[in-house]
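J.: sequence below, structure please.
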Amino acid sequence: MVELRHFRAVVVIAEEGNLTRAAERLGIQQPPLTRMLRSCEETMGVQLFERHAKGMRLTAAGRSMLKGAYDILDRVDETVEDVRRVVRGESGELSVGFTNSAMCHPSLPAVLGHFRESWPDVTLSLTEGNSSQLLGALRDDLVDVAFVRASIPDVSDVMVELILEEPMVVAVPRAHPLALNPPAEGLRLADLENEDFILYQSQYNNGLYKTIVDACLGAGFMPNIRQKGPQLMAALSLVAGGLGISVVPHSMQQHHAGQITYIPLSSRTALTAPVYLVYRSVRMTGAKLYFIHQARQMRTRLFGTPKMPS
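T.: Have a look, this model is predicted:
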């Protein structure tokens, strides 16, 4: 079987034209090099070199093999460097998952854009889903990192970092009385006691659904939940259709702008919508580490030191 060492030996012998000098360059003794060359020739059934008193000269078969040897060794070197670049995070692929509402915040597309600009040889693969679907994708190694709204419960080797928080606003149909005469100081949750709520419920009990319900209970009432949308975007579509109101992240105000009025909550109503970065603590490639670093830097620029969810 012809091996890489045979190709290297042929190249060095051809370049040196002398077995002794070739052996020195390869760091071996001349007899093992002679046996290696003979074994290669016998395996291929050809003579690669003519032996002369002054040295070694390539035959026609040898010249053909030399050309191929250069190509093969160059390709081997390129492959080794490609692998090293992947490990360093300079090339390869990074799969990023996200919930639709999380990506509505302008800072997160900016993270993707900055990463692509900094590491143009790393292919970004994007996957949209809800928190439950993205956790499954993480477990199955279908995504490397994900931005989600719901803090994922304790799962072995899954890391969860709070990346950003934003205020929440009340979404009401355009013709709703609150839209026609919104309070200047913002809405109190108590103002919504008699409204029909349309909410998005995560599989987990620690998402925006629980945040809103707990806040309403704290304001003295249990919200009348008329509909539960499969996603926040679906909930907004139902609001636009006049089926009720919802409480959504501030960054979602661009949706259904002609059919929905978004009203701020009062300063005393401390309702915020978080975005978490989740990833597994295994297979931390260079690209993955750099992306996490970029997300943390974004958090630091906006809100200070990155922190873990409580």
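J.: hey, let's count contacts and neighbours off CA atoms from now on
T.: Noted.
J.: what about stretch 210-230, average pLDDT?
T.: Stretch 210-230 shows a mean pLDDT of 89.
J.: just give me the residue closest to the centre of this protein.
T.: In the chain, the residue lying closest to the centroid (C-alpha atoms, centre = their mean) is residue 96, at 2.9 Å.
J.: what lines up beside the helix or strand where that residue lies in the sheet?
T.: If you go by DSSP states H and E, residue 96 is part of strand 92-98. Paired neighbours of strand 92-98 in the sheet (DSSP bridges): strand 122-128 (parallel), strand 145-148 (parallel).
J.: may I see the buried residues of stretch 43-52?
T.: 47, 48, 49 (16 or more other C-alpha atoms under 10 Å).
J.: could these go into a markdown table alongside secondary structure?
T.: Putting those into a markdown table (DSSP: H, G, I helix; E, B strand; the rest coil) gives the following:
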| residue | secondary structure |
| --- | --- |
| 47 | coil |
| 48 | coil |
| 49 | strand |
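J.: what's the closest of these to residue 265?
T.: Of all those, residue 48 has the smallest distance to residue 265: 83.9 Å, by C-alpha to C-alpha.
J.: report all helices and strands that the longest strand along the chain contacts.
T.: As assigned by DSSP state E, the longest strand anywhere in the chain is strand 158-173. Counting contacts by 3 or more C-alpha pairs under 8 Å, 6 or more residues apart in numbering; DSSP states H and E, strand 158-173 packs against helix 177-180, helix 232-240, strand 246-249, strand 260-264, strand 272-280, helix 286-303.
J.: okay if I get those as CSV plus mean neighbour count and distance to residue 102?
T.: Output for those, formatted as CSV (neighbours: other C-alpha atoms under 10 Å; distance: least, C-alpha to C-alpha, whole Å):
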stretch, mean neighbour count, distance to residue 102
helix 177-180, 14, 25
helix 232-240, 22, 10
strand 246-249, 26, 9
strand 260-264, 23, 18
strand 272-280, 23, 6
helix 286-303, 17, 13
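J.: tell me which of these sits nearest to residue 219.
T.: The nearest among the helices and strands packed on strand 158-173, by C-alpha to C-alpha, is strand 246-249 at 14.5 Å.
J.: list the contacts of residue 51.
T.: Residues near residue 51 by C-alpha atoms under 8 Å, 6 or more residues apart in numbering: residue 57.
J.: between the strand holding residue 96 and strand 272-280, what angle do the directions make?
T.: Per axes from the mean of the first three to the mean of the last three C-alpha atoms, to 10 degrees, the angle that strand 92-98 makes with strand 272-280 is 150 degrees.
J.: mean confidence score for strand 92-98?
T.: pLDDT averaged over strand 92-98 gives 90.
J.: check stretch 105-117 too.
T.: On average, stretch 105-117 scores 90.
J.: same question for stretch 12-21.
T.: pLDDT averaged over stretch 12-21 gives 93.
J.: which of the residues in that stretch are buried?
T.: For stretch 12-21, burial by neighbour count (16+ other C-alpha under 10 Å) applies to 12, 13, 14, 16, 17, 18, 19, 20, 21.
J.: tell me where the model's unsure across the protein.
T.: Counting by pLDDT under 70, the chain shows low-confidence ranges at 88-91, 153-154, 201-206, 302-310.
J.: select the longest helix from it.
T.: What stands out as the longest helix in the chain, according to DSSP state H, is helix 60-88.
J.: helices or strands next to it in the packing?
T.: helix 4-16, helix 286-303.
J.: now do the first one: distance to the chain's middle.
T.: Averaging C-alpha coordinates over helix 4-16 and over its chain gives two centres that are 43 Å apart (C-alpha atoms, centre = their mean, to the nearest Å).
J.: same question for stretch 152-164.
T.: 15 Å.
J.: for the closest residue to residue 221 other than its chain neighbours, what are its contacts?
T.: Leaving aside its sequence neighbours, residue 221 sits nearest to residue 193 (C-alpha to C-alpha, 6 or more residues apart in numbering; 6.3 Å). For residue 193, the contacting residues are 221, 222, 223, 224, by C-alpha under 8 Å, 6+ apart.
J.: okay, the strands paired with strand 92-98, which one's buried deepest?
T.: Highest mean neighbour count among the strands paired with strand 92-98 (mean count of other C-alpha atoms under 10 Å): strand 145-148, with a mean of 28.
J.: fine, thanks again, bye for now.
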